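Enquirer: sequence-free structure coming up:
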């Protein structure tokens, strides 16, 4: 994990200590675990990783709403294992709506098991016709007595098929558009909820489709009030986008470390690759961009931890810059490592397969740029 000194202006002493412990844990317990060979193995490994994170208390920053600690954890996990990072990220994404809008009863029921790694969560928002356009959600929830009945389908849902609890977004009043979207806590064993199949990524990452066929959810499964789901979902994404940037920084740092180690020992044309100026240019660009990305990331997390209500622009800048930076860093690392860098068992190839999704999920780079521009235009 990169040195915390460049970002010390945004951290408290406890964060620096936490970063050291997180680095020791991820390098000692996570990085050495073998890469899953296929999707079934990835699903099994994801559950094992969740238990490991829960048993060690590493999910507590999510429950504490300590965004800087979450970023430090994701940076360490991103460096060690993109799958472990995804497990942590999804636990955060599925838990934050409960923390922000849950009733005391909902919090009492779910937060303890979630923190212990006994309950895996999933964030079910995306649909075949609703990705960046959340207002296109077609899944419906109709009140029938003491329950809501959900009908529809979700796609590209991380942890689909292995989660114990789904945070599901559905329309309770289609005439109101986004103001008619509500949020529900749906246990995996709810009648009418079906795992419709895996969607296999090139990187190890459990993903899949869900269907809701007259899925009955007790009325106390409504998270917050009717029509507040859209705002709750955006608030969760707004809060957690800096952690995506942190994961990107961790992946870029690992790519840079692998590239540095290779160019120092690899000799071509009678000299170490590290002596060639074009090689040095790639290393210098990655190091500079990585430092800039970390500053943007921890600035956004700092502002939120200090009580700023919204970090819309700060989070969008951090996510868009850091994820694009990480893509370039990993690509450069593959180029520097050369032929071995495209073999499936090499760390930079695994990073290459994992990093691409970061530019898409929780809001594409293009959406982040629109958000930034929108915030600028509001200033007149």
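Expert: Okay, I see it. Everything numeric in this text was worked out from a predicted model, so none of it was measured.
Enquirer: which other residues reach stretch 99-107?
Expert: 63, 65, 98, 110-111, 183, 185, 220, 223-224, 228, 232, 235-236, 239 (Cβ atoms under 8 Å, 6 or more residues apart in numbering). For glycine as for every other residue, the C-beta is placed from the backbone atoms N, C-alpha and C.
Enquirer: Would you point out the most distant pair within those?
Expert: 220 and 239 (24.5 Å; Cβ to Cβ).
Enquirer: of the two, who's got more company?
Expert: More crowded of residue 220 and residue 239, by other Cβ atoms under 10 Å: residue 239, with 23 against 13.
Enquirer: Isn't that one up against residue 303?
Expert: No. Residue 239 is beyond contact range of residue 303, at 11.1 Å (criterion: Cβ atoms under 8 Å).
Enquirer: Which neighbours do the two have in common?
Expert: Shared contacts of residue 239 and residue 303, counting by Cβ under 8 Å, 6+ apart, come down to residue 311.
Enquirer: Spell out for me which residue occupies the centre of the chain.
Expert: By Cα atoms, centre = their mean, the mean C-alpha position of the chain lies nearest to residue 89, the distance being 4.0 Å.
Enquirer: Next up, identify which helix or strand that one is on.
Expert: helix 82-101 (DSSP states H and E).
Enquirer: how much does the longest helix seen in the chain deviate in direction from helix 82-101?
Expert: If you go by DSSP state H, the chain has its longest helix at helix 229-265. Helix 229-265 and helix 82-101 meet at an angle of 150 degrees, taking axes from the mean of the first three to the mean of the last three Cα atoms, to 10 degrees as the criterion.
Enquirer: Would you mind checking the average pLDDT for helix 229-265?
Expert: Per-residue pLDDT values over helix 229-265 give a mean of 95.
Enquirer: from the contacts of stretch 99-107, which would you call buried?
Expert: Among the contacts of stretch 99-107, the ones that count as buried by 16 or more other Cβ atoms under 10 Å are 63, 98, 110-111, 183, 185, 223-224, 228, 232, 235-236, 239.
Enquirer: how near is residue 27 to residue 254?
Expert: In this view, residue 27 and residue 254 are 11 Å apart by Cβ to Cβ, to the nearest Å.
Enquirer: Overlap of the contact sets of the two?
Expert: By Cβ under 8 Å, 6+ apart, the residues touching both residue 27 and residue 254 are residue 80.
Enquirer: what about those two, which has more around it?
Expert: Set residue 27 next to residue 254 and count neighbours by other Cβ under 10 Å: residue 254 wins out with 26 against 14.
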